[in-house]
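>>> Give me a 3D structure for the following:
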Amino acid sequence: VRAMYGEHTARFIAILRNPVDRLLSCYRFYPHYAKHYGASMEGFASWAREAIAAFQKCSSKYSERTCALYFESLEIEYEDVFYHADQLIKGMYSIFMEDWITAFPLQNFAVIRAE
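Alright, predicted model coming up:
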């Protein structure tokens, strides 16, 4: 962003959802999840458990931040997780916000919850 706007004051709006609601919406929206696990809540629960277990295993060996940023490239077993736990990781807002807040002052952000 700095490369594009230079020293001009950049302002950001972050619209965040409840991570669990967001995860369920993604499951329902993208057909490859239901095709692989089934369109039921049991299928969603199975997919979520698998992604959570894989992420927890990764974060027991590496930091949560490292796993969120590089999950599928850390080890082949994480690459093999169905769609790399990407939707779970996308809901880990605090990990990604740390980088933004480090680069830009906190007062340049408006964080809105979209519930």
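
>>> Going by neighbour count, list what's buried in the longest helix anywhere in the chain.
The longest helix of the chain (DSSP state H) is helix 41-61. Neighbour counts over helix 41-61 (16 or more other C-beta atoms under 10 Å) mark 43-44, 47-48, 51, 54-55, 58 as buried. Every C-beta, even on glycine, is put in place using the N, C-alpha and C of the backbone.

>>> roughly how far is that helix from the heart of the chain?
13 Å (C-alpha atoms, centre = their mean, to the nearest Å).

>>> packing partners for that helix?
Packing partners of helix 41-61 (3 or more C-beta pairs under 8 Å, 6 or more residues apart in numbering; DSSP states H and E): helix 19-29, helix 31-37, helix 64-74, helix 76-79, helix 86-90.

>>> Run the angle between it and helix 64-74 for me.
Inter-element angle recorded for helix 41-61 and helix 64-74: 100 degrees (by axes from the mean of the first three to the mean of the last three C-alpha atoms, to 10 degrees).

>>> Export only the CA atoms of helix 41-61, formatted as CSV.
C-alpha atoms of helix 41-61 as CSV (Å, rounded to 0.1, in the frame of the first residue of the first chain):
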residue,chain,number,x,y,z
MET,A,41,-24.4,-30.1,9.3
GLU,A,42,-22.6,-33.4,10.0
GLY,A,43,-20.5,-32.9,6.9
PHE,A,44,-19.8,-29.3,8.0
ALA,A,45,-18.8,-30.5,11.4
SER,A,46,-16.5,-33.2,9.9
TRP,A,47,-14.8,-30.7,7.7
ALA,A,48,-14.4,-28.2,10.5
ARG,A,49,-13.0,-30.8,12.9
GLU,A,50,-10.5,-31.9,10.2
ALA,A,51,-9.3,-28.4,9.5
ILE,A,52,-9.1,-27.4,13.2
ALA,A,53,-7.2,-30.6,14.1
ALA,A,54,-4.7,-30.0,11.2
PHE,A,55,-4.2,-26.4,12.2
GLN,A,56,-3.7,-27.3,15.9
LYS,A,57,-1.2,-29.9,14.9
CYS,A,58,0.6,-27.4,12.8
SER,A,59,0.6,-24.7,15.6
SER,A,60,1.9,-27.3,18.1
LYS,A,61,5.0,-27.5,16.0
